[in-house]
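Novice: the amino acid sequence is not available; the structure is as follows:
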């Protein structure tokens with residue numbers, strides 16, 4: 001497909017770059033390898049490339065942290081190869097720290113290698129590609145070219161810049177048989193990422209394998225790492241004639257990371273406002289003191305009320321007392337105490353500690369933990385990305401999440417929809433364990449499941465219908481939210497624009 005094409009892959013002595021180099025060689029490209037590492041190992045890899053694929057492979061160890069080094073690489077590569085058709089900008093480094101503590105020298109180095117080097121190699125390569133009438137530029141960006149992560153200010157800034165640079169390059173070369181595209185991987189198990197996992201595992205006091213799963217669980221819904229070979233095959237396709245009309249794009253290879261819908265936190269902080277507008281009768285039909293609480297950081301310690309509607313960024317309570325239902329939404333919820341009727345909560349991170357709920361529990365969020373001292377006297381309906389339940393439920397239990405961990409007591413049936421179910425020591429299920437699909441199942445020998453394990457879809461369907469009915473009013477609240485907020489906005493603007501009476 002690419003036989004005889006002349007290609008440079010920067011940062012190709014290991015990891016993603018080496019994987020791309022192998023695939024391009026497999027397709028017949030003559031190559032220039034670039035990067036750092038042990039000289040003997042680099043020579044072994046270079047020689048293997050020539051022997052295995054029957055192509056020419058040169059090594060040029062230019063330092064891409066300066067414009068002079070980038071110019072040296074392109075000039076020496078063009079001389080060695082006799083021209084240049086393909087440029088893969090893959091070289092990159094990483095450093096993590098908060099913004100205020102981020103060393104200026106580290107910022108400069110990351111911007112120089114991850115961003116500026118792409119510019120310098122591209123500006124030097126384009127005249128050679130125009131001369132040959134063919135060119136393919138592949139910029140290895142990242143999922144972080146589309147989203148942000150804490151403590152990665154320089155890396156995220158650089159990768160966003162690479163995505164933007166890709167678009168401009170594509171526009172300026174659109175009529176010249178030259179294309180420019182970015183490949184944006186999520187987590188790839190390279191030596192660099194392996195070191196990050198080892199550091200995280202050491203800091204958390206867990207095994208490498210456990211922390212590897214934690215890393216994937218945070219970002220990558222596929223729960224699998226992308227591989228350098230997969231990225232290499234995508235790069236090869238983008239370099240082919242079949243991809244001549246693909247230019248200026250970002251090809252995401254992230255296991256669904258950036259495909260997630262905006263987390264519930266994007267709408268959750270206003271959802272209860274809509275619920276209160278739609279269901280104002282609660283306060284009128286009863287002569288009880290209901291609570292409507294809104295704010296940024298709310299502490300409900302010692303609060304006593306009947307029904308309560310709460311929306312905030314963070315909700316905490318160490319000794320909550322509610323005689324009625326409690327409906328709350330927040331990014332972070334951490335509560336303990338007593339709820340006289342049901343709790344319905346939506347958030348990003350929810351932690352329930354020593355909480356007694358006299359009726360039902362309904363939770364939706366990202367990371368959900370219910371501790372072993374919590375009691376639900378009715379049923380529990382919980383959906384989250386990661387879910388741990390260690391308490392006691394006297395009614396039926398419905399759980400849905402990517403990973404579900406159980407170690408509590410369940411007096412009724414337990415329905416679970418997940419990819420991984422871990423049932424720990426001392427778990428007691430007096431009813432049946434109903435599974436949707438065929439999840440990875442890890443059951444402790446000390447767990448007791450009186451009703452056995454089954455996956456009868458008819459039972460699951462009835463249970464899900466019941467759950468849907470119970471949550472129908474909340475769904476309608478979310479759907480009506482834009483309309484309600486628009487009304488509130490228009491009304492507030494009218495008031496603001498009215499002339500003041502003196």
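Specialist: That came through fine. Since this is a predicted model, take the numbers as computed values, not measurements. Residues are numbered from 1 along each chain as shown.

Novice: any idea of the mean pLDDT in stretch 417-429?
Specialist: For stretch 417-429, the mean per-residue pLDDT is 91.

Novice: ok, and what's touching that stretch?
Specialist: Here stretch 417-429 makes contact (CB atoms under 8 Å, 6 or more residues apart in numbering) with 223, 387, 399-410, 413-414, 435-437, 439-444, 446-451, 460. Glycine gets a C-beta too; all of them are placed from N, C-alpha and C.

Novice: what sits against the residue nearest the centre of the chain?
Specialist: Central residue of the chain (CA atoms, centre = their mean): residue 219, 2.7 Å from the mean position. For residue 219, the contact set (CB under 8 Å, 6+ apart) comprises 143, 186, 187, 254, 257.

Novice: buried among the residues you listed? Need that as a selection in ChimeraX.
Specialist: Those of the contacts of residue 219 that count as buried under 16 or more other CB atoms under 10 Å are selected in ChimeraX with:
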select :143,186,187,254,257
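
Novice: now do the closest residue to residue 85 other than its chain neighbours, the pLDDT please.
Specialist: When the adjacent residues along the chain are set aside, residue 85 lies closest to residue 5, with 4.4 Å between them (CB to CB, 6 or more residues apart in numbering). On pLDDT, residue 5 comes in at 98.

Novice: can you give me the distance of residue 5 to residue 26?
Specialist: According to CB to CB, to the nearest Å, residue 5 and residue 26 sit 12 Å apart.

Novice: pLDDT score for residue 107?
Specialist: Note for residue 107: predicted pLDDT of 98.

Novice: double-check it against residue 154; I have them as touching.
Specialist: Yes: counting by CB atoms under 8 Å, residue 107 touches residue 154, with 4.7 Å between them.

Novice: looking at the two, which one has more neighbours?
Specialist: Comparing residue 107 with residue 154 by other CB atoms under 10 Å, the one with more neighbours is residue 154, at 23 against 18.

Novice: residues in contact with the residue lying closest to residue 198 once chain neighbours are set aside?
Specialist: Counting by CB to CB, 6+ apart, residue 198 lies nearest to residue 208, which is 6.2 Å off, once chain neighbours are set aside. For residue 208, the contact set (CB under 8 Å, 6+ apart) comprises 197, 198, 201.

Novice: check which element follows the helix or strand residue 233 falls within along the chain.
Specialist: Here residue 233, judged by DSSP states H and E, is contained in helix 228-239. Per DSSP H and E, helix 228-239 leads on to strand 250-253 as the next helix or strand towards the C-terminus.

Novice: mind giving me the packing neighbours of that following strand?
Specialist: Where contact means 3 or more CB pairs under 8 Å, 6 or more residues apart in numbering; DSSP states H and E, strand 250-253 is packed against strand 178-185, helix 228-239.

Novice: show me what the first one is packed up against.
Specialist: Just to be clear, that refers to strand 178-185. For strand 178-185, the elements it packs on are helix 117-132, strand 135-140, helix 153-172, helix 228-239, strand 250-253, judged by 3+ CB pairs under 8 Å, 6+ apart.

Novice: pLDDT on the longest one, on average?
Specialist: Helix 153-172 comes out with an average pLDDT of 98.

Novice: what residues sit buried inside that helix?
Specialist: For helix 153-172, the neighbour count (16+ other CB under 10 Å) marks 153-163, 165-167, 169-170 as buried.

Novice: distance of the closest residue in space to residue 42 that isn't next to it in sequence from residue 250?
Specialist: Spatial nearest neighbour of residue 42, chain neighbours left out: residue 13 (5.4 Å); criterion: CB to CB, 6+ apart. Using CB to CB, residue 13 is found at 26 Å from residue 250.

Novice: cool, and residue 183?
Specialist: Separation of residue 183 from residue 250 (CB to CB): 8 Å.

Novice: so the two - more neighbours on which side?
Specialist: Legend: neighbour count by other CB under 10 Å for residue 183 and residue 250, higher for residue 183 (26 against 19).

Novice: quick one, what contacts that one?
Specialist: Contact analysis of residue 183 by CB under 8 Å, 6+ apart lists 138, 139, 140, 141, 231, 234, 235, 238, 250, 251, 253.

Novice: how many residues are close by the nearest residue to it once chain neighbours are set aside?
Specialist: Excluding the flanking residues, the one nearest residue 183 by CB to CB, 6+ apart is residue 251, at 5.0 Å. Residue 251 sits with 18 neighbouring residues when counted by other CB under 10 Å.

Novice: correct me if wrong: residue 251 contacts residue 234.
Specialist: Yes: at 6.1 Å, residue 251 counts as touching residue 234 under the criterion of CB under 8 Å.

Novice: tell me how far stretch 103-112 is from the chain's mean position?
Specialist: Put simply, stretch 103-112 sits 25 Å off its chain's centre (CA atoms, centre = their mean, to the nearest Å).

Novice: residues in contact with that stretch?
Specialist: By CB under 8 Å, 6+ apart, the residues outside stretch 103-112 that reach it are 64, 65, 66, 93, 94, 95, 97, 153, 154, 155, 157, 158.

Novice: show me which of the residues you listed is closest to residue 306.
Specialist: Residue 306 lies nearest to residue 153 out of those, by CB to CB, at 46.8 Å.

Novice: may I ask which helix or strand of this structure has the lowest mean pLDDT?
Specialist: Sorting the helices and strands of the chain by mean pLDDT, DSSP states H and E puts helix 281-285 at the bottom, at a mean of 35.

Novice: sorry, back to before: okay, residue 5 and residue 26: which has more neighbours?
Specialist: residue 5 (22 against 18).

Novice: not counting sequence-adjacent ones, nearest residue to residue 161?
Specialist: Take residue 161 and drop its neighbours on the chain: the residue closest to it by CB to CB, 6+ apart is residue 115, 4.6 Å away.

Novice: which residues sit in contact with that neighbour?
Specialist: Neighbouring residues of residue 115 by CB under 8 Å, 6+ apart: 157, 158, 161, 162, 165.

Novice: can you classify residue 107 by secondary structure?
Specialist: Secondary structure, DSSP: H, G, I helix; E, B strand; the rest coil: residue 107 is helix.

Novice: ok, it to residue 161 distance?
Specialist: Residue 107 is 13 Å from residue 161, by CB to CB.

Novice: residue 173: how many residues sit nearby?
Specialist: 20.

Novice: can you give me the strands for the stretch 351-500 of the chain?
Specialist: All strands of the stretch 351-500 of the chain, identified by DSSP state E, counting those that start in this stretch, fall at 361-370, 375-376, 380-389, 392-393, 397-406, 409-410, 414-423, 428-429, 433-436, 440-443, 448-449, 453-454.

Novice: can I get these in JSON lines including distance to residue 348 and mean neighbour count?
Specialist: Below are the strands of the stretch 351-500 of the chain laid out as JSON lines (distance: least, CB to CB, whole Å; neighbours: other CB atoms under 10 Å):
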{"stretch": "strand 361-370", "distance to residue 348": "5", "mean neighbour count": "22"}
{"stretch": "strand 375-376", "distance to residue 348": "22", "mean neighbour count": "23"}
{"stretch": "strand 380-389", "distance to residue 348": "10", "mean neighbour count": "23"}
{"stretch": "strand 392-393", "distance to residue 348": "23", "mean neighbour count": "22"}
{"stretch": "strand 397-406", "distance to residue 348": "14", "mean neighbour count": "22"}
{"stretch": "strand 409-410", "distance to residue 348": "26", "mean neighbour count": "22"}
{"stretch": "strand 414-423", "distance to residue 348": "19", "mean neighbour count": "21"}
{"stretch": "strand 428-429", "distance to residue 348": "29", "mean neighbour count": "20"}
{"stretch": "strand 433-436", "distance to residue 348": "24", "mean neighbour count": "21"}
{"stretch": "strand 440-443", "distance to residue 348": "25", "mean neighbour count": "13"}
{"stretch": "strand 448-449", "distance to residue 348": "32", "mean neighbour count": "14"}
{"stretch": "strand 453-454", "distance to residue 348": "32", "mean neighbour count": "14"}
